[in-house]
Structure formats: C-alpha cells, structure tokens
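*Asks:* Take this sequence and fold it.
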Amino acid sequence: MKVLIFGEQNSELQVLLDTHGFEVVESNPDVVISYGGDGALLKSEHAYPQIPKLLLRNSKICKLCSPLPNELVLEKIANGSYTIDEVWKIEGKFHDQTITALNDIVVHNADPRHAIRYHVWVNEKQVGDHVIGDGIVIANPLGSTGYYRSITHSFFEVGMGLAFNNSTETSDHMILQEDSSIRISIIRGPAFLYADNQIERIQLADHNEVLIKKSDTSARIIRV
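*Replies:* The predicted structure follows:
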C-alpha cells in the first residue's frame with residue numbers, strides 16, 4: 001500500500017511503516033496518513049480530498065483517532081482489518097465561489113469589536129427576525145463535536161446542526177435534516193465565510209447572501 005504522510009515527518013513512524021510493508025510516497029498515494037490531531041485531518045482532507053485518510057496520533061487532542069497504539073493500527077491495516085467510512089461534507093457558496101468543509105461552515109464577523117446583523121432562511125422559510133451576534137455555525141455530525149459543541153454544549157449524530165454564535169437574543173440551536181439548505185443574508189457586515197480551519201476565506205459585505213448545504217462530495221476515513 002502506498003501512503004503519503006501529512007504532518008510532521010517522524011523517524012519512529014517511518015520505522016513502523018517499513019516494518020508493516022507500507023511504501024511512503026510523495027504523490028499518487030492509496031492512503032493519506034493524517035499524522036497529528038483532529039486539525040491534521042481537516043488540513044489533509046483539504047489538501048488531498050477524497051483519498052482515504054488514516055488517522056495516526058501525534059497529539060494529545062485527537063478525538064477521532066483510534067485509542068489503539070499507532071503500531072497496532074498499522075498492523076490491522078496491513079492485515080486488511082479495517083473499514084472505510086464515507087463522511088458527507090458541507091459547502092458554502094457565494095456567487096461563483098464555493099468552499100467545502102469536512103466539519104463546519106462558519107459565517108463570522110470580520111471585526112471582533114462589532115457584531116453583524118443577518119437574516120436566516122432554512123429551506124426558504126425565514127427563521128425569526130434579524131439576528132445580531134458574532135455569526136453562525138453550520139455543522140455535520142462529525143463537526144458537531146467541535147465549534148458547534150463549544151457554542152451549544154451539545155452534539156448530534158444525525159442531520160445538520162445550526163448554532164447562533166453569541167447572539168444578543170436568546171437563539172437556540174437547531175438540528176435540521178441533512179439535505180436542508182440554509183440561506184444567510186448579511187444586513188450589516190463586514191463578515192467572512194470560512195470552512196473548517198482553512199486559510200482561504202470569502203469576504204461578505206452588506207446585502208451579500210450565501211447558500212450553505214450538503215456537498216455532493218464526501219471524505220473517506222479509515223477505521224480499525
């Protein structure tokens with residue numbers, strides 16, 4: 001099996017890979033090894049979308065990593081004792097610009113000193129009146145244990161989650177069907193549209209609208 005290591009290069013990991021018969025390559029891998037924590041998975045999927053990802057722990061914080069030691073994980077992979085989960089992604093679109101996330105799509109105020117005002121529609125039905133706050137987070141089940149959870153103190157396993165970030169009114173979070181479409185119109189910005197922790201971002205001004213929905217693409221995560 002040809003593997004590409006995404007993360008810190010480590011001689012100990014190289015020895016483990018050699019021991020179990022993996023070939024380390026720099027391009028066209030069968031599998032991308034996400035070597036680090038949860039953030040490494042997000043970055044590796046952005047860099048190498050849809051290629052199967054194998055998470056190996058190189059961080060104390062890796063909720064998605066197997067609790068097994070890396071050596072045992074690699075042994076199971078070499079023996080074919082694994083499955084591949086298909087994880088659906090979320091996309092945010094503004095005009096002809098689209099960003100895709102494995103965890104969540106975020107609309108956030110560009111200036112932390114000033115809240116933004118915005119309207120929200122779910123499946124073209126408006127949710128309440130205009131909202132004033134730092135923004136909004138839309139997550140899939142995988143992403144519900146991240147930013148979404150820090151806002152709502154909850155997570156979910158089915159559907160799409162919508163969380164209002166630091167709004168001035170009491171705005172509860174919502175769990176929607178995964179095929180829902182969410183339209184957000186900025187009344188007063190400026191704001192940014194983000195995907196996961198990617199560097200790329202889309203700037204939003206007054207009267208700009210974004211559409212957020214389930215992507216047609218998915219990530220493939222190896223489980224042992």
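*Asks:* Would you mind giving the domain segments of the chain?
*Replies:* 2-81, 89-216 (automatic domain parsing).
*Asks:* wait, which of those domains is closest to Val224?
*Replies:* Taking C-beta to C-beta, domain 2-81 is the member of the domains of the chain nearest to Val224, at 4.4 Å. Where C-beta positions appear, they are placed from N, C-alpha and C, glycine not excepted.
*Asks:* Pull the distance from that closest one to the chain's centre.
*Replies:* Computed by C-alpha atoms, centre = their mean, to the nearest Å, the chain-centroid distance of domain 2-81 equals 18 Å.
*Asks:* show me where the chain has helices.
*Replies:* Using DSSP state H, the helices of the chain run over 11-19, 38-47, 70-78, 147-152.
*Asks:* Point out the most buried one among those.
*Replies:* Among those, ranked by average contacts under mean count of other C-beta atoms under 10 Å, first place goes to helix 38-47 (a mean of 21).
*Asks:* helices and strands around that one, which ones?
*Replies:* strand 2-7, strand 31-36, strand 53-57 (3 or more C-beta pairs under 8 Å, 6 or more residues apart in numbering; DSSP states H and E).
*Asks:* which regions of the chain sit below the pLDDT cut-off?
*Replies:* For the chain, applying pLDDT under 70 flags no range at all.
*Asks:* The longest strand seen in the chain: which residues count as buried?
*Replies:* Assignment by DSSP state E gives strand 209-223 as the longest strand of the chain. By 16 or more other C-beta atoms under 10 Å, the buried positions in strand 209-223 come out as 210, 212-215, 219-222.
*Asks:* other SSEs contacting it?
*Replies:* Packed next to strand 209-223, using 3+ C-beta pairs under 8 Å, 6+ apart, are strand 53-57, strand 83-94, strand 181-188.
*Asks:* Turn those strands into CSV, columns for distance to Leu72 and mean neighbour count.
*Replies:* CSV is the format used below for the helices and strands packed on strand 209-223 (distance: least, C-beta to C-beta, whole Å; neighbours: other C-beta atoms under 10 Å):
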stretch, distance to Leu72, mean neighbour count
strand 53-57, 11, 24
strand 83-94, 16, 17
strand 181-188, 41, 18
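*Asks:* Turn the helices of the chain into JSON lines, columns for distance to Val120.
*Replies:* Shown next, in JSON lines, are those (distance: least, C-beta to C-beta, whole Å):
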{"stretch": "helix 11-19", "distance to Val120": "45"}
{"stretch": "helix 38-47", "distance to Val120": "25"}
{"stretch": "helix 70-78", "distance to Val120": "41"}
{"stretch": "helix 147-152", "distance to Val120": "15"}
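*Asks:* coming back round to it: using CSV, lay out the helices and strands packed on helix 38-47 together with distance to Gly92.
*Replies:* As requested, these are exported to CSV (distance: least, C-beta to C-beta, whole Å):
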stretch, distance to Gly92
strand 2-7, 24
strand 31-36, 23
strand 53-57, 22
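*Asks:* In contact with His20: list those residues for me.
*Replies:* Contacts of His20 were listed using C-beta atoms under 8 Å, 6 or more residues apart in numbering, and they are 74-75, 77-78.
*Asks:* I misspoke; the intended subject was Ile175.
*Replies:* 156, 159-162.
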